[in-house]
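[1] 3D, please:
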Amino acid sequence: MKVLFKIIVLCLPGLLFAQQKKTADFAALNNTHDMLLSAWGPYSKRYAGISHIPEFKSGIRFDFSVFPGLYRYKPSVPHVLLQSDYFPWKSNDDLTKYTFRHELLWKDEAYADVTYEVVDSSSVLVAVRCVNNTALPQNMDVNLMAYLDYPENYPLYGLHLGKGSFWINALEYQSLKFAKPGPRDNLVYDGWLAAEVRNEAFIDGRGMGAAFSSTNGNRVNYQIPLTDRQLEGKLILFYRMKKGTSQVFRTGGLAEESIRLKGTGNLEQVSIAYRADKAGLQAFWITSEAGDVVEFNGFALVPSAEPLPEIVALEKQFTPEVKEDMDSKTLVLKYKEIANYYGIAWDDNNARIREFKNDELDYFFRRHVNNQTHQTFVGNNKGNFANVYIRPVELDAHEEKTIYALLCKGDYEQVKKGLGRLHELKQKTIAAKAGPLSPELLPGGEKYAFSQQILKATLMTNIMYPVYTQNSYIRHFTPGKWYNSLYTWDSGFIAVGLNEISAKLAAECINVYTTGEDNQNAFIQHGTPYPVQIYAFFDLWNKTQSREALAYFYPRLKRYYEFMAGRYGSSTTRALKSNMLTSWDYFYNSGGWDDYPAQVTVHEQKGTKKVAAAVNNAYSIRIAKMLRMAAIALKKDKDLAAYDADIKQFAVALQQHSWNENSGYFSYVLHDEQGNPTGHFKDPLSGEDHNMGLDGAYPLFAGICTPAQEARLLEKIFSEKHMWTPSGICVVDQSAPYFKPVGYWNGSVWMPHQWFTWKAMLDLGRFDLAQKIAFKGLDVFKKEVDNSYATFEYFSAKTGRGAGWHQFGGLSAPVLSWFSAYFKPGTVTTGFEIWIKDQEFNVRHSAYKANLSFDQATVAHARSLMVCMNPAFDYEVLVNGKAVQANVPYAGLLQISLPASNKDVSLIIQPMRR
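    From the prediction side, this is the model:
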């Protein structure tokens, strides 16, 4: 319905405006890529539960998991890498309390909800709520499992050195200079150090690999500190080469020598004499010459009269010393490699202590479920699980019981004392069970609340440790536990989702992928290098107006953009003379769409040096426009000229070389050997434009289309003959000859590009089309979660059923944005062309005021935004003091069209007088 609002007095009694909250600790973020959370959290890569990080350097993790089951019948092993009938169920906003549901009889006939609550830095309360919803009695059991887990590439060997000797890993260089520049010089994959390799056979589990030794003239420089007692001796170089190979290297500085290394396939040593005239830092360098590939592990400095280093085997110390006290119902564990003790207390009398000596429980535990006589189960002795076995938990028909446990860490006395708090903490939890009421939602939002709860819990608990980057182990939100690594593109959308949960976590997630000016990497890249982090920051700014965040992130995001725009360091993205950008040197995937047909054909034809997609230019234009607004806010006017030049060049390239009047899409562009554009890239089988899909529509999102192009592309996106399906927008036009209804992306519906389309519709003033996208996404996602409790990667275009990884939080995160935008009071939603200079809601969300600026690099046109207000009131809206019409599809949601101008405006929303 359309409502005309009247002007009223601005300052109504009782309209108190809320205070802004601090976004993040940027001083701490500047020195890490870690998520700054509790040392306790759902970090396991094995079994669902809670983990503790005793210290970050080693990557070792203490894990605790609850395995509920049907007694002596159906054990539950909640493996995070398999579909194992457990589901992320609830999470609070800072990940200090979360719940997993373990389904024992589907669906909710018999289950256990396991809640982990971080009490303080030393304690975690665990509540296991066992529920029988059947008409028969059920006997359950509860297994509390404690174990250590080690990182990948944990070293098999160490060095035994004399007192005056020391070890320097090959990666501890002062600088590394490549004789031949390469595209990766300023973008090492995964944020590793230049030339880094990781392997458990190396001392420290890492060394310097082929990237250094494969080219003649590469040089690595070290600074070696010497004392008066270390002025003369030997440098023992440790290296590995394939058997039968050889390589010549020249050393200089502290030790000048030409050496030939020969390979045996094992870690070998070579000795070089050194001598220094005085103590202090000494320069030492190694230069590569002609030969085969060498992996340098590092070198030991051994003064004269000191014994030579000895390589010793390292064993994982995963078996703890165990002290059990069945009278007090406590178990205390001490692992050799960890300074802490860990303790477990429980409140059920029917418990016994068991031990599983095996590296996995998926088969081994199930194999022994009916063995009631043993307390120790010996497998391959490659792991150790301390087990508190509580049985049976007897439940009458339609009955439930809750078992409590407490985890503690510290020295022995602290742990014993801490475990004594179980009863106290249990009673506090029971007393607070009702908890606060759920936040108020706008009409119609309640039906989506459950699927939102599950998606939030999934996104929040998809966090893992250790993940390695930038010479350290970090905690990292992943698309799903199956993905044990960084993911640049997916994690941008994780930050988009976190914007709806916690500004602090969103900022920290963006920070993982950005780097400071002294870093060799322009950003942290794994997979598709699409700069979604910049879009996520734009929303973070529009939610918080944090000047501290803006000042911190702007130079980092600018470097990220400049690399992708071909203006920074070793970037090769602007190698073509047409100004059509390519990112093929950095990943096979241009826009995140793995089997996008044109992209697949480019690689099949080995055409990455000659073919450019449209998406790279389009998102670079949009990002340049967003960063341009950030630069204006920071008064960095000198940056504007470069952004303006890029915007113009990239837009001209799209219009001159990419637009295809015949197909109505922007095409991939072919080039000759010299990089000159030669025409549109066509499907080799049909001869039709190969870019009939969202890549071909992306310039619409950049704001550079003519009115005629805009009309045609909107028709393509929202026509059921082309990209609109019963489940939303498909990335490939259904009328294209290469459309496949059974593809991964080709023929399926994913949420991320629909989010970009949704935002672009708000920029175009089409909140009707924006709402069509959002509600379809919400409905499709709700239908699947309500049925399966799974948050899938993608959805069948025809049926809407989910597929892919079943606990996916990454690219599905836009569903959280849509829910907030349409149903959560206090939410303001813009496209990419509105910069909120400042804003305030009152505490009841019944009044709002803001000052807005616009993307001045785009021709002035009508734009729209949405504001979710308290649904108990009718409202009037004033723009620059004048009443305007707003669309109100239901109580509380205001969809506001703004004037077709690039001049700043003020916006006021207040309750109508009755």
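
[2] hey, let's count contacts and neighbours off CA atoms from now on
    OK.

[3] give the contact list for the residue positioned nearest the centre of the chain.
    Residue closest to the mean C-alpha point of the chain, counted by CA atoms, centre = their mean, is residue 491 at 3.2 Å. Each residue near residue 491 by CA atoms under 8 Å, 6 or more residues apart in numbering is listed here: 477, 478, 479, 509, 510, 533, 810.

[4] show me what secondary structure element comes after the host helix or strand of it.
    Element membership for residue 491, per DSSP states H and E: helix 488-498. Next helix or strand after helix 488-498 toward the C-terminus (DSSP H and E): helix 503-512.

[5] immediately after that following helix, which helix or strand?
    Following helix 503-512 in sequence, per DSSP H and E, is helix 532-544.

[6] for that next one, packing partners?
    Packing partners of helix 532-544 (3 or more CA pairs under 8 Å, 6 or more residues apart in numbering; DSSP states H and E): helix 488-498, helix 503-512, helix 547-564, helix 615-633, strand 834-841.

[7] how does it look with 7 Å?
    helix 488-498 (3 or more CA pairs under 7 Å, 6 or more residues apart in numbering; DSSP states H and E).

[8] between helix 532-544 and the helix it packs on, find me the angle.
    On the basis of axes from the mean of the first three to the mean of the last three CA atoms, to 10 degrees, helix 488-498 is oriented at 10 degrees to helix 532-544.

[9] buried residues in the longest helix seen in the chain?
    Taking DSSP state H as the criterion, the chain has its longest helix at helix 767-788. Buried positions in helix 767-788, judged by neighbour count with 16 or more other CA atoms under 10 Å: 767, 769-771, 773-775, 777-785.

[10] and if you look at stretch 207-222?
    207-209, 211-222.

[11] and which of these is nearest residue 612?
    Lowest distance from residue 612 to these (CA to CA) belongs to residue 211, with 27.7 Å.

[12] after whichever helix or strand the closest one is part of, next one along is what?
    Secondary structure from DSSP H and E places residue 211 in helix 210-213. Sequence order places strand 219-226 as the next helix or strand after helix 210-213, per DSSP H and E.

[13] give me the sheet partners of that following strand and which way each runs.
    Take DSSP bridges as the rule and strand 219-226 pairs in its sheet with strand 175-177 (antiparallel), strand 280-291 (antiparallel).

[14] that strand - what's its average pLDDT?
    Mean per-residue pLDDT for strand 219-226: 97.

[15] quick one: contacts of it?
    Strand 219-226 is contacted from outside by 173-178, 279-288, using CA atoms under 7 Å, 6 or more residues apart in numbering.

[16] got the CA positions of that strand in PDB?
    Taking Å, rounded to 0.1, in the frame of the first residue of the first chain, the C-alpha atoms of strand 219-226 are listed here in PDB:
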ATOM      1  CA  ARG A 219      68.600 -14.900  -3.700                       C
ATOM      2  CA  VAL A 220      67.600 -15.400  -0.100                       C
ATOM      3  CA  ASN A 221      69.100 -13.200   2.600                       C
ATOM      4  CA  TYR A 222      69.400 -13.900   6.300                       C
ATOM      5  CA  GLN A 223      70.600 -11.900   9.400                       C
ATOM      6  CA  ILE A 224      72.400 -14.200  11.800                       C
ATOM      7  CA  PRO A 225      73.000 -13.000  15.400                       C
ATOM      8  CA  LEU A 226      76.400 -14.100  16.800                       C
END
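
[17] now the element after it, going C-ward?
    Note on strand 219-226: by DSSP H and E, the next helix or strand toward the C-terminus is strand 232-240.

[18] which other helices and strands contact that next one?
    Using 3+ CA pairs under 7 Å, 6+ apart, strand 232-240 sits against strand 267-275, strand 295-303.

[19] report the next helix or strand after that strand in sequence order.
    Next along from strand 232-240, by DSSP H and E: strand 246-253.

[20] quick one: distance of that following strand to the chain centre.
    41 Å (CA atoms, centre = their mean, to the nearest Å).

[21] which parts of the next helix or strand after it are buried?
    Using DSSP H and E, the next helix or strand after strand 246-253 towards the C-terminus is strand 257-262. Of the residues in strand 257-262, 261, 262 count as buried by neighbour count, 16+ other CA under 10 Å.

[22] next SSE after the helix or strand bottoming out on mean pLDDT in the chain?
    Counting by mean pLDDT, DSSP states H and E, the weakest-scoring helix or strand in the chain turns out to be strand 2-4, with a mean of 34. Once the chain leaves strand 2-4, the next helix or strand it forms, by DSSP H and E, is helix 26-29.

[23] just the CA trace of that following helix, in CSV.
    Provided in CSV are the C-alpha atoms of helix 26-29 (Å, rounded to 0.1, in the frame of the first residue of the first chain):
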residue,chain,number,x,y,z
PHE,A,26,41.8,-2.7,15.6
ALA,A,27,45.1,-2.4,17.4
ALA,A,28,44.9,-6.2,18.1
LEU,A,29,43.6,-7.0,14.6
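
[24] contacting residues for the residue nearest to residue 40 when sequence neighbours are not counted?
    Using CA to CA, 6 or more residues apart in numbering and skipping residues adjacent in sequence, the residue nearest residue 40 is residue 52, 4.5 Å away. Contacts for residue 52 (CA under 7 Å, 6+ apart) come out as 39, 40, 41, 61, 62, 63.
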